[in-house]
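A.B. asks: quick one, fold the following:
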Amino acid sequence: MSALGEAIRLGEMVARTPPSRDRVRDFLQTASIVAVVFGHWMIGIVWWQDGLLRTTSAVGVTTGLWLATTGTAGRAHRRLIIAIALQLVCSPHDAGR
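C.D. replies: Purely as a prediction, here's the structure:
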(Lines give C-alpha, C1' and ligand atoms only; values in the text may rest on other atoms or scores of the structure.)
Protein backbone atom coordinates (compact mmCIF):
# COMPACT_ATOMS: atom_id res chain seq x y z
CA MET A 1 0.00 0.00 0.00
CA SER A 2 1.40 3.31 -0.99
CA ALA A 3 -0.83 5.54 1.12
CA LEU A 4 -2.33 5.14 4.55
CA GLY A 5 -5.95 4.02 4.27
CA GLU A 6 -5.64 2.92 0.64
CA ALA A 7 -7.65 -0.23 0.00
CA ILE A 8 -5.81 -3.29 -1.25
CA ARG A 9 -7.55 -5.65 -3.60
CA LEU A 10 -7.70 -9.36 -2.81
CA GLY A 11 -5.82 -10.26 -5.99
CA GLU A 12 -3.00 -7.89 -5.07
CA MET A 13 -2.80 -9.36 -1.58
CA VAL A 14 -2.62 -12.88 -3.02
CA ALA A 15 0.11 -11.81 -5.46
CA ARG A 16 2.16 -10.26 -2.63
CA THR A 17 1.93 -13.39 -0.46
CA PRO A 18 5.14 -15.43 -0.66
CA PRO A 19 4.62 -18.90 -2.16
CA SER A 20 6.23 -20.41 0.95
CA ARG A 21 3.20 -19.44 3.09
CA ASP A 22 0.77 -22.20 3.97
CA ARG A 23 -2.56 -20.56 3.12
CA VAL A 24 -4.63 -23.35 4.67
CA ARG A 25 -2.80 -22.90 7.97
CA ASP A 26 -3.24 -19.12 7.74
CA PHE A 27 -6.96 -19.58 7.12
CA LEU A 28 -7.37 -21.99 10.03
CA GLN A 29 -5.51 -19.68 12.40
CA THR A 30 -7.61 -16.71 11.30
CA ALA A 31 -10.81 -18.72 11.69
CA SER A 32 -9.68 -19.80 15.17
CA ILE A 33 -9.05 -16.23 16.25
CA VAL A 34 -12.46 -15.15 14.93
CA ALA A 35 -14.11 -18.09 16.76
CA VAL A 36 -12.41 -17.14 20.04
CA VAL A 37 -13.47 -13.49 19.71
CA PHE A 38 -17.09 -14.38 18.91
CA GLY A 39 -17.07 -16.98 21.67
CA HIS A 40 -16.04 -14.36 24.21
CA TRP A 41 -18.75 -12.00 22.97
CA MET A 42 -21.42 -14.69 23.06
CA ILE A 43 -20.58 -16.02 26.52
CA GLY A 44 -21.30 -12.73 28.24
CA ILE A 45 -24.59 -12.24 30.08
CA VAL A 46 -25.86 -8.66 30.06
CA TRP A 47 -28.94 -7.44 31.91
CA TRP A 48 -30.55 -4.25 33.21
CA GLN A 49 -31.08 -4.00 36.98
CA ASP A 50 -31.99 -1.01 39.12
CA GLY A 51 -31.15 1.44 36.36
CA LEU A 52 -27.70 -0.05 35.73
CA LEU A 53 -26.36 -2.23 32.96
CA ARG A 54 -24.85 -5.34 34.55
CA THR A 55 -22.62 -8.03 33.04
CA THR A 56 -21.18 -11.38 34.02
CA SER A 57 -19.74 -14.44 32.31
CA ALA A 58 -21.80 -17.55 31.66
CA VAL A 59 -18.82 -19.65 32.76
CA GLY A 60 -19.17 -18.50 36.37
CA VAL A 61 -22.93 -18.97 36.65
CA THR A 62 -23.61 -22.07 34.54
CA THR A 63 -22.93 -25.41 36.21
CA GLY A 64 -20.25 -27.41 34.42
CA LEU A 65 -19.57 -24.88 31.66
CA TRP A 66 -16.03 -24.39 32.95
CA LEU A 67 -15.30 -27.94 31.73
CA ALA A 68 -15.53 -26.69 28.13
CA THR A 69 -12.79 -24.16 28.81
CA THR A 70 -10.40 -26.81 30.12
CA GLY A 71 -11.24 -29.52 27.61
CA THR A 72 -10.94 -29.40 23.84
CA ALA A 73 -11.61 -25.67 23.61
CA GLY A 74 -8.95 -24.95 26.20
CA ARG A 75 -6.36 -27.02 24.33
CA ALA A 76 -7.23 -25.34 21.03
CA HIS A 77 -6.94 -21.93 22.67
CA ARG A 78 -3.51 -22.77 24.10
CA ARG A 79 -2.33 -24.09 20.72
CA LEU A 80 -3.53 -20.91 19.04
CA ILE A 81 -1.64 -18.74 21.53
CA ILE A 82 1.51 -20.83 21.06
CA ALA A 83 1.19 -20.64 17.25
CA ILE A 84 0.83 -16.86 17.36
CA ALA A 85 3.80 -16.54 19.72
CA LEU A 86 5.93 -18.71 17.43
CA GLN A 87 5.04 -16.57 14.44
CA LEU A 88 6.02 -13.45 16.34
CA VAL A 89 9.44 -14.73 17.39
CA CYS A 90 10.37 -16.93 14.41
CA SER A 91 11.24 -15.98 10.88
CA PRO A 92 8.75 -17.16 8.23
CA HIS A 93 11.09 -20.01 7.29
CA ASP A 94 11.36 -21.26 10.90
CA ALA A 95 7.65 -21.04 11.80
CA GLY A 96 6.75 -24.37 10.18
CA ARG A 97 9.39 -26.38 12.04
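A.B. asks: quick one: the strands in the protein?
C.D. replies: Along the chain, the segments classed as strands by DSSP state E run 44-49, 52-57.
A.B. asks: closest one to Leu28 among these?
C.D. replies: strand 44-49 (25.6 Å; CB to CB). No exception for glycine: its C-beta is placed from N, CA and C like everyone else's.
A.B. asks: name the helices or strands packed onto that closest one?
C.D. replies: In terms of contacts (3 or more CB pairs under 8 Å, 6 or more residues apart in numbering; DSSP states H and E), strand 44-49 is packed against strand 52-57, helix 58-61.
A.B. asks: show me what it pairs with in its sheet, parallel or antiparallel.
C.D. replies: strand 52-57 (antiparallel) (DSSP bridges).
A.B. asks: mind checking the pLDDT average for stretch 78-89?
C.D. replies: Here stretch 78-89 scores 74 as its mean pLDDT.
A.B. asks: and the contacts of that stretch?
C.D. replies: Gln29, Ser32, Ile33, Val36, Ala95 (CB atoms under 8 Å, 6 or more residues apart in numbering).
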